[in-house]
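Student: got a structure for you, letters missing:
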């Protein structure tokens, strides 16, 4: 029986391990931390009884993908739940919100109702076909070329230009906030890609929450892995490739620099250089809040939204993201608010509710962004400070210590420049192969990128299986 070792137990490492184990390989996952899950871990970060997600809190691509159609996570206990409002973007006067219904969302945008429909309706109508093609490496034969072309025509634009399809500020700001999930300048080519796909996913799949915390995704993946004979070993940091050499295939759910350090001269020189010089992007500064009675947003739909984007107008969001990308800390950073308890009430404790806040900050930012985050909250939810019972801060350094893949607080595992977004760390027809036989990269640094969807691991494992099938030793 061929054997496989997977280094790292984030969603991609676990997805890779499950895919390999289901094909009959003997699989072991080695995890340095004491708890598996990587970016899908949860804990009571503020008050006992209040459950906070450490990183990924909403999972728009987990409900329907090539990976989740192949493996039934619900059968292993995963339960997803939708918030009343998918996400909202308050402004100083009013705001905009996205509902599961595209028609309801468009109707709330006034003069931009038809513009919103024209931009997203074709993608939502064919979303399963579209997502299957764009949630995989660039170089493949598309199964649905027309649907993919419809996405590509929208994704190629800088977000600041595509946003001008809208006539009024609420719709423009709404799109800018979604595009800002890319942690990149909104004036850059392809900066619309993540915003367009996340917006369409909100209507097709919603932005669901894992009931019981994102940790339950890892638990479901591990349960399925164990059914197929695989295992996860925690508290085991890999520093030397020598202990991996006995496996037929080795997959790294790590950052490219870590792969280069561990694999060393087993990699071709060009691959090793590309991985060692992989570019990381801006960081995140997180506050976990325990709030009495929830956040008192002036824009009412934001009180019912699972995710809230705080950044002001499209121009203000774009300016803040440009500053962060250039290494400067804005006075008013873009802040993402997670109110997962609205979809999962078991996370709350009476009137006390958990709220997760992420500010976009320069890579490796060593300052304290707490005051800037709270100021943005007060700007759109006056009276917030009086409701906060407990605060736990996680600066960029703590985020990296918690998950070494998040270098300098980079929670999306790499700068989403056009080349890295489309191709990953190096120029190659297949981003998962490293150029060294039997060694693969399966983290969010490779396409289709960050998220708890597990697709980076799934496609890397399928590549490894195809290579095993062709190898003389396998024959």
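Tutor: In hand now; what should we look at? Predicted model, so just to flag it, every value in this text is computed and none were measured.
Student: And residue 7, its phi and psi?
Tutor: phi -100, psi 110 (degrees, to the nearest 10).
Student: what separates it from residue 39, distance-wise?
Tutor: Here residue 7 is placed at a distance of 16 Å from residue 39 (C-beta to C-beta, to the nearest Å). C-betas here are computed from N, CA, C, even on glycine.
Student: which one is residue 117 nearest to, not counting chain neighbours?
Tutor: Leaving aside its chain neighbours, residue 117 sits nearest to residue 106 (5.0 Å; criterion: C-beta to C-beta, 6 or more residues apart in numbering).
Student: Can you check the pLDDT for that neighbour?
Tutor: We have a pLDDT of 98 for residue 106.
Student: Repeat that for residue 416.
Tutor: We have a pLDDT of 82 for residue 416.
Student: now it: how far from residue 184?
Tutor: From residue 416 to residue 184 the distance is 5 Å (C-beta to C-beta).
Student: Residue 349 too?
Tutor: 37 Å.
Student: more crowded one of those two?
Tutor: residue 184 (27 against 16; other C-beta atoms under 10 Å).
Student: tell me the secondary structure for residue 291?
Tutor: strand (DSSP: H, G, I helix; E, B strand; the rest coil).
Student: That one is in contact with residue 353, isn't it?
Tutor: Yes - judged on C-beta atoms under 8 Å, residue 291 makes contact with residue 353 at a distance of 5.4 Å.
Student: Quick check: phi and psi at the residue nearest to residue 117.
Tutor: Dihedral pair for residue 106: phi -60, psi -40, per degrees, to the nearest 10.
Student: Correct me if wrong: it contacts residue 124.
Tutor: No - Residue 106 is not in contact with residue 124 according to C-beta under 8 Å; the separation is 10.9 Å.
Student: Comparing those two, which shows the higher neighbour count?
Tutor: Counting neighbours by other C-beta under 10 Å for residue 106 and for residue 124 shows that residue 106 has the greater number, 23 against 17.
Student: Could you pull up the contacting residues of the more buried one?
Tutor: Applying C-beta atoms under 8 Å, 6 or more residues apart in numbering to residue 106 gives the contacts 112-114, 116-117.
Student: Nearest to residue 221 among these?
Tutor: The nearest member of the contacts of residue 106 to residue 221, counting by C-beta to C-beta, is residue 116 at 35.7 Å.
Student: That closest one: what's it in contact with?
Tutor: Residues in contact with residue 116 (C-beta under 8 Å, 6+ apart) are 102, 105-106, 109, 166, 171.
Student: try 6 Å this time
Tutor: 106, 109 (C-beta atoms under 6 Å, 6 or more residues apart in numbering).
Student: In which helix or strand does it reside?
Tutor: Using DSSP states H and E, the element containing residue 116 is helix 113-125.
Student: For residue 394, the count of nearby residues, please.
Tutor: 21.
Student: Report the separation between the residue nearest to it when sequence neighbours are not counted and residue 357.
Tutor: Using C-beta to C-beta, 6+ apart and skipping the chain neighbours, the partner closest in space to residue 394 is residue 286 (4.1 Å). Using C-beta to C-beta, residue 286 is found at 7 Å from residue 357.
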